[in-house]
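Student: Got a sequence here, can you model it:
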Amino acid sequence: MKKVYLDNAATTPMAPEVFEAMVPYMKEHFGNPSSTHSFGRKTKNGIEMARKQISEYLNANAGEIIFTSGGTEADNMALQCAVNDLGVTRIITSTIEHHAVVHTAEKIQEQNPNVIVEFVYLKPDGNIDLNHLETLLKDSTPTLVSLMHGNNEIGNLLPLQKVSQLCRTYNAYFHSDTVQTMGHYKFDLKELDIDFITCAAHKFHGPKGVGFLYINKSLPIKQMITGGAQERNHRGGTENLYGIIGLAKAMELAHDDIEGHQNHVQSLKDYMKAQLKEIDANVKFNGEQDPEKSLYTVLNVCFPLSDSNSMMLFSLDINGVAASGGSACSSGSNKGSHVLASLEGSEYCNAIRFSFSRYTTKEEIDFALTKVRSCTELLTTV
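Tutor: Residues are numbered from 1 along each chain as shown. Next up is the predicted model:
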């Protein structure tokens with residue numbers, strides 16, 4: 001049976017070129033990067049060349065890139081270091097952030113009574129209320145603002161430049177979870193005045209288990225994981241050598257034609273939206289719908305509540321279409337999507353997230369649409 005994968009916001013298939021770049025560091029170049037002999041120097045050089053390559057794509061300094069196990073660790077590190085090293089006693093975030101941020105902020109507050117967590121208001125479409133954010137920032141409490149660039153469930157994009165300027169106006173630090181946008185959009189970190197951003201390689205056809213935290217060079221951040229001087233003395237432990245090599249290669253591939261990827265995937269998203277309305281005129285879409293303000297990789301579909309649509313996600317899976325009801329990191333939870341729960345009217349629909357990559361084809365979209373139609377018709381007759 002043919003299978004179509006439309007859950008790229010959860011993870012993407014590894015690019016063949018990434019795998020090929022990693023193989024020599026699995027088979028031949030195996031030395032510990034901390035060793036001073038030729039085997040160690042070879043792998044240390046591979047890591048530092050990867051760091052330099054990534055920093056050039058972001059217009060950052062190489063020393064500002066700290067490799068991690070992925071986006072969750074990077075988010076944790078940013079919040080913990082802001083409190084431990086920068087004197088932050090308030091974290092401003094939102095209820096639709098990834099759990100790597102929300103749960104971490106709540107845990108910090110639980111463990112440190114001097115730290116408070118405040119949630120900025122949301123607009124009905126899930127966008128951040130920047131007026132309320134400014135109101136919160138007028139309080140002079142030492143603050144970290146942590147707001148994601150691209151929401152992993154509904155696709156809303158945060159205006160990073162505006163939020164950055166607000167934070168600087170009121171002397172707040174700014175962290176943004178950029179896991180869904182890294183490798184999909186260009187970043188100029190010399191122009192964008194931000195303190196922390198994050199990356200997970202597997203969101204743009206790299207390997208799982210590796211990412212990075214960008215830390216602005218002006219920040220006096222201390223070591224978070226002790227036990228070694230790796231990663232500029234910020235994160236002890238032997239580096240994920242071949243993961244880092246794969247991350248750099250995935251970043252290279254992403255930037256080879258980033259505008260072409262954007263145009264290709266946006267056209268698929270637009271096509272699917274139009275065809276879904278043809279199947280059911282009552283279908284709506286969650287989140288921001290302006291292409292300039294929404295991830296081109298994510299389409300969150302609001303199917304009207306009905307006996308048929310309540311089984312849609314399961315039926316699609318049985319029929320060879322992989323999609324999602326929300327964040328992959330919440331799988332196994334029976335609480336539903338915390339993101340959709342924060343949106344007005346979400347209780348009146350059955351939401352399915354379709355997410356695309358540069359490898360997604362129109363033929364795959366047509367196959368998925370056929371299954372949506374047949375699932376609807378079949379379940380309606382049961």
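Student: Can you list the buried residues in the lowest-mean-pLDDT helix or strand in the chain?
Tutor: Ranked by mean pLDDT, DSSP states H and E, the weakest helix or strand in the chain is helix 338-341, scoring a mean of 76. Residues His338, Val339, Leu340 are the ones in helix 338-341 that count as buried (16 or more other C-beta atoms under 10 Å). For every residue, glycine as well, the C-beta is placed using N, CA and C.
Student: Does anything pack onto it? Which helices or strands?
Tutor: Counting contacts by 3 or more C-beta pairs under 8 Å, 6 or more residues apart in numbering; DSSP states H and E, helix 338-341 is packed against no other helix or strand.
Student: Just after it, pick out the following helix or strand.
Tutor: strand 349-355 (DSSP states H and E).
Student: residue boundaries of the helices in the chain?
Tutor: Taking DSSP state H as the test, the helices found in the chain are 16-27, 38-58, 71-86, 99-111, 130-137, 160-169, 230-233, 241-256, 258-279, 312-318, 338-341, 362-381.
Student: would you turn the ones you listed into CSV with distance to Gly209?
Tutor: Listed next are the helices of the chain as CSV, based on distance: least, C-beta to C-beta, whole Å:
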stretch, distance to Gly209
helix 16-27, 12
helix 38-58, 15
helix 71-86, 10
helix 99-111, 15
helix 130-137, 34
helix 160-169, 27
helix 230-233, 15
helix 241-256, 6
helix 258-279, 24
helix 312-318, 25
helix 338-341, 25
helix 362-381, 27
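Student: Figure out which of the ones you listed is closest to Lys2.
Tutor: Evaluated over those, closeness to Lys2 peaks at helix 362-381, with 6.5 Å, by C-beta to C-beta.
Student: report the angle between the axes of the closest one and strand 349-355?
Tutor: 160 degrees (axes from the mean of the first three to the mean of the last three C-alpha atoms, to 10 degrees).
Student: Pull out the buried positions in helix 362-381.
Tutor: Glu364, Ile365, Phe367, Ala368, Leu369, Lys371, Val372, Cys375, Thr376, Leu379.
Student: swap in stretch 126-134?
Tutor: Applying 16+ other C-beta under 10 Å to stretch 126-134 flags Gly126, Asn127, Ile128, Leu130, His132, Leu133 as buried.
Student: By pLDDT, give me the weakest of the buried residues of helix 362-381.
Tutor: Note: of these, the lowest pLDDT belongs to Leu379, at 48.
Student: Using the record's assignment, carve this structure into domains.
Tutor: Domain assignment of the chain by automatic domain parsing yields the ranges 4-12+257-381, 16-256.
Student: Deepest-packed of the ones you listed, please.
Tutor: Of all the domains of the chain, domain 16-256 has the most neighbours on average by mean count of other C-beta atoms under 10 Å, namely a mean of 19.
Student: now, which of the buried residues of stretch 126-134 sits nearest Pro291?
Tutor: Closest to Pro291, out of all of those and judged by C-beta to C-beta, is Asn127, at 14.5 Å.
Student: For that closest one, list the residues it contacts.
Tutor: Asn156, Glu288, Lys293 (C-beta atoms under 8 Å, 6 or more residues apart in numbering).
Student: quick one: which of the residues you listed sit in strands?
Tutor: Cross-referencing the contacts of Asn127 against strands under DSSP state E gives no overlap.
Student: With respect to pLDDT, which of those residues ranks lowest?
Tutor: Glu288 (92).
Student: For that residue, what are phi and psi?
Tutor: phi -70, psi 130 (degrees, to the nearest 10).
Student: Identify whichever of the helices of the chain lies nearest to Ile65.
Tutor: Nearest to Ile65, of the helices of the chain and by C-beta to C-beta, is helix 38-58 at 5.1 Å.
Student: Give me the mean pLDDT for the closest one.
Tutor: Regarding helix 38-58, the rounded mean pLDDT is 97.
Student: Kindly provide the distance from Lys208 to Tyr214.
Tutor: From Lys208 over to Tyr214 the distance is 20 Å, taken as C-beta to C-beta, to the nearest Å.
Student: Select from the helices of the chain the stretch with the lowest mean pLDDT.
Tutor: Lowest mean pLDDT within these: helix 338-341, a mean of 76.
Student: just how off-centre is it within its chain?
Tutor: Helix 338-341 sits 16 Å away from the centroid of its parent chain (C-alpha atoms, centre = their mean, to the nearest Å).
Student: Using CSV, list the CA coordinates for it.
Tutor: This file holds the C-alpha atoms of helix 338-341, laid out as CSV (Å, rounded to 0.1, in the frame of the first residue of the first chain):
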residue,chain,number,x,y,z
HIS,A,338,-2.7,22.9,24.6
VAL,A,339,-2.2,25.1,21.6
LEU,A,340,-5.7,24.6,20.1
ALA,A,341,-7.2,24.8,23.6
